[in-house]
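Asks: give me coordinates for this.
(2 chains)
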Number of protein chains: 2
Amino acid sequence: MSILLLGELSQEAYATWRSQLSLHLPQNEQLVLATQNYDRAAIDIALVANPPGGALANHPNLRFVQSLWAGVDRLLSDPSLPANITIARLIDPALTQAMVECAIASVFYLHRQIPVYREQQAAGTWRQLPQPATANRPIGVLGLGQLGHAVARTLAGLGFPVMGWSLAARSSADIESYSGPDGLAMLLRRAEILVNLLPLTAATTGILNEAVFARVPTGAALVNLGRGGHLVEEDLLTALATGQLSHAVLDAFSVEPLPASHPFWLHPRITVFPHVAAYTDPSTAARVVAQNIAAFRAQRAVNGLVSPSRGY
Amino acid sequence: MSILLLGELSQEAYATWRSQLSLHLPQNEQLVLATQNYDRAAIDIALVANPPGGALANHPNLRFVQSLWAGVDRLLSDPSLPANITIARLIDPALTQAMVECAIASVFYLHRQIPVYREQQAAGTWRQLPQPATANRPIGVLGLGQLGHAVARTLAGLGFPVMGWSLAARSSADIESYSGPDGLAMLLRRAEILVNLLPLTAATTGILNEAVFARVPTGAALVNLGRGGHLVEEDLLTALATGQLSHAVLDAFSVEPLPASHPFWLHPRITVFPHVAAYTDPSTAARVVAQNIAAFRAQRAVNGLVSPSRGY
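Replies: Prediction:
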């Protein structure tokens, strides 16, 4: 049986994946690229990076799909994804580290009021603003999975009071943990910077909305490192217009690239990152993927097992 | 004998200092404000926050000057400062923490290329840039005193390879330490982000100049959290124009407020902070100051003793 590499990848990216995977896969594993002609019946494993919808159809022996990204919302919404197969999302310590770095950069950018000082600079204004210490700046982290928990723990280590929230209760030694709707309300009441790292599921689509923005302290800021689908864009624009939110750092959007006419581009209170928070790096991810392939072949548990009903 | 509080302080700031100091000073200590009439011969201790030049003259019994700021370059250049008295700079853990926070914010802002993404955003450009991990982004910290060492240690803890430099050799378990001109050359060869936290002295005035900018890797960035006098402004503008430096975050300037006509205001590769890296907070500093007053009265060593010949 063979392994298919499938996705929106440049020729160069295909070549990089092939060479990096060859360092970690056993000699007897055959890797085929979706850009080649190949025997569809010979495929039992697919490595997928945002494949076009329907690309998984007509692989009668497909039994394991390994995502090359952390988020699998797009993969799970693909009707060509066979039922009753094993699906794994990518859990790569290097990707987690990149996400933590982006969260530190975004949170300190807001905490130290860099967007305000940049606005003042453009206007030639020299004005020193009150500056709370990290210890007086409560942070709310939505999502306490692999990424969210790493971000929450790191921010707590840097002196912020950190509250974390997940749909189901999780405990953590480092942070105050909340769950469920009541827990969310308690977190929001104090969160001056809200960092979203939830998976995108039916339960979390549109969770960054008017009702949430109304509960945070006036002037709070938003960092969306999750998905565009988490955010109700109109509600964000309203909350920024009224001053209820002071700024938003957004790394993901409902439509990417962000369309040229989109109001986020020129909004003075929105910082647009072009989905750069955490790239998959084949030089670290190939080892993780090869380990999961070996686990699957040996009928051991794969790392990052996805529950389609849960949505991640 | 009495304690004089002297400086460029608003009436509100005077009142705050008075009330905060009263919490920590013994009942028998008399605090007088420079805005009041007072007996100049009764003053033996002065607490100074950027006093106007000459303000320390004609205090015949002055024996101890405690700066309410970390930097004492302006104080030491005041010809009315009596010789052979004890001088202390402020060493306040809260001020150190604020400086560390500003360094984290500035370094991650540059590391994660936020200025470039903001430029792209203004142009409506969606382009993902290569992103090295912290482990592949060497940082050079100039100055390994109270502030510089705390910044260097924290950045090392966040995953950056950190090199530190001081005029005289210092060793540190957390970072690679360099000293002297040869050590500076070695640090600069690898420093992709250069953070200045040196004291301003005769030996460090103009140290951020053409010769230094020529030695760092092409595209390196500068963070000046020291003094305006460290930087040769023309040399920075040249290094930015040629692309040798990619960006500069500046918190201090030769003339403050930065004059309206200054080219830094509208420079796309310069981020101007209006000297906000680390404020003195009377609610934490008053305790430190009171401890130094008690030490001075008891003829014990004060914390942050300044050597006028050394310049800090």
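
Asks: CA atoms for contacts and neighbours, from now on please.
Replies: Fine.

Asks: which residue packs closest to A:Ser283, ignoring adjacent ones?
Replies: Distance criterion C-alpha to C-alpha, 6 or more residues apart in numbering or on different chains; nearest residue to A:Ser283, sequence neighbours excluded, is A:Gln20 at 6.0 Å.

Asks: the helix or strand hosting that neighbour packs against which elements?
Replies: Using DSSP states H and E, A:Gln20 sits within helix A:11-24. With contacts taken as 3 or more C-alpha pairs under 8 Å, 6 or more residues apart in numbering or on different chains; DSSP states H and E, helix A:11-24 sits against helix A:282-297.

Asks: next to chain B, which bits of the stretch 201-312 of chain A? Give me the list.
Replies: By C-alpha under 8 Å from any C-alpha of the partner chain, the residues of the stretch 201-312 of chain A that approach chain B are A:Pro257, A:Leu258, A:Ala260, A:Trp265, A:Leu266, A:Thr271, A:Val272, A:Phe273, A:Pro274, A:His275, A:Val276.

Asks: what about the closest residue in space to the second one that isn't next to it in sequence, how many residues close to it?
Replies: So that's A:Leu258. Nearest residue to A:Leu258, sequence neighbours excluded (C-alpha to C-alpha, 6+ apart): B:Trp126, at 7.3 Å. Neighbours of B:Trp126 under the rule other C-alpha atoms under 10 Å in any protein chain shown: 19.

Asks: A:Glu29 too?
Replies: Neighbours of A:Glu29 (other C-alpha under 10 Å): 12.

Asks: do I have it right that it meets A:Leu21?
Replies: No: contact status for A:Glu29 versus A:Leu21: not in contact, 10.1 Å apart, counting by C-alpha atoms under 8 Å.

Asks: buried stuff in stretch A:17-28?
Replies: A:Trp17, A:Arg18, A:Gln20, A:Leu21, A:Ser22, A:Leu25 (16 or more other C-alpha atoms under 10 Å in any protein chain shown).

Asks: check stretch A:175-189 too.
Replies: A:Ile175, A:Glu176, A:Ser177, A:Tyr178, A:Ser179, A:Gly183, A:Leu184, A:Ala185, A:Met186, A:Leu187, A:Leu188.

Asks: re earlier: quick check, nearest of the buried residues of stretch A:17-28 to chain B?
Replies: Closest approach between the buried residues of stretch A:17-28 and chain B, by C-alpha to the nearest C-alpha: A:Trp17, at 16.7 Å.

Asks: and A:His275, what helix or strand is that in?
Replies: Counting by DSSP H and E, A:His275 is part of no helix or strand.

Asks: residues touching it, list them.
Replies: A:Asp251, A:Ala252, B:Gln128 (C-alpha atoms under 8 Å, 6 or more residues apart in numbering or on different chains).

Asks: now the residues of the stretch 201-312 of chain A next to chain B as a markdown table including pLDDT and secondary structure?
Replies: Shown next, in a markdown table, are those (pLDDT from 0 to 100; DSSP: H, G, I helix; E, B strand; the rest coil):
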| residue | pLDDT | secondary structure |
| --- | --- | --- |
| A:Pro257 | 97 | coil |
| A:Leu258 | 98 | coil |
| A:Ala260 | 97 | coil |
| A:Trp265 | 98 | coil |
| A:Leu266 | 97 | coil |
| A:Thr271 | 98 | strand |
| A:Val272 | 98 | strand |
| A:Phe273 | 98 | coil |
| A:Pro274 | 98 | coil |
| A:His275 | 97 | coil |
| A:Val276 | 98 | coil |
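
Asks: got a PyMOL select line for the buried ones in these?
Replies: Buried residues among these (16+ other C-alpha under 10 Å), as a PyMOL selection:
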select buried, chain A and resi 258+265+271+272+273+274+275+276
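
Asks: need the contact list for A:Ala152.
Replies: Shown in contact with A:Ala152 (C-alpha under 8 Å, 6+ apart): A:Val141, A:Leu144, A:Val162, A:Met163, A:Gly164, A:Ile175.

Asks: what helix or strand is the first one on?
Replies: Taking DSSP H and E as the criterion, the element that holds A:Val141 is strand A:139-142.

Asks: before we move on, back to that, isn't the residue nearest to A:Ser283 up against A:Ala286?
Replies: Yes: judged on C-alpha under 8 Å, A:Gln20 makes contact with A:Ala286 at a distance of 5.9 Å.

Asks: ok, which stretches of the stretch 1-150 of chain A are helices?
Replies: In the stretch 1-150 of chain A, the segments counted as helices under DSSP state H, counting those that start in this stretch are A:11-24, A:73-76, A:93-111, A:114-122, A:146-157.

Asks: would you turn those into TSV with distance to B:Asn61 and mean pLDDT?
Replies: Output for the helices of the stretch 1-150 of chain A, formatted as TSV (distance: least, C-alpha to C-alpha, whole Å; pLDDT from 0 to 100):
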stretch	distance to B:Asn61	mean pLDDT
helix A:11-24	75	95
helix A:73-76	75	94
helix A:93-111	45	98
helix A:114-122	44	98
helix A:146-157	47	97
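
Asks: break chain A into its domains for me.
Replies: According to automatic domain parsing, chain A comprises the domains A:2-92+A:280-297, A:94-272.

Asks: I figured A:Val48 hits A:Val65, correct?
Replies: Yes: counting by C-alpha under 8 Å, A:Val48 does reach A:Val65; the two are 7.1 Å apart.

Asks: can you read off the pLDDT for the spatially most central residue of chain A?
Replies: Closest residue to the average C-alpha location of chain A: A:Gly226 at 4.1 Å, with C-alpha atoms, centre = their mean. Note on A:Gly226: pLDDT of 98.

Asks: cool, and the one 3 residues further on?
Replies: pLDDT, the model's per-residue confidence, is 98 for A:Gly229.

Asks: how much space between the residue nearest to A:Leu258 and A:Glu119?
Replies: For B:Trp126, the distance to A:Glu119 equals 22 Å [C-alpha to C-alpha, to the nearest Å].

Asks: show only the entries of the buried residues of stretch A:175-189 found in strands.
Replies: Among the buried residues of stretch A:175-189, the residues falling in strands (DSSP state E) are A:Glu176, A:Ser177, A:Tyr178, A:Ser179.
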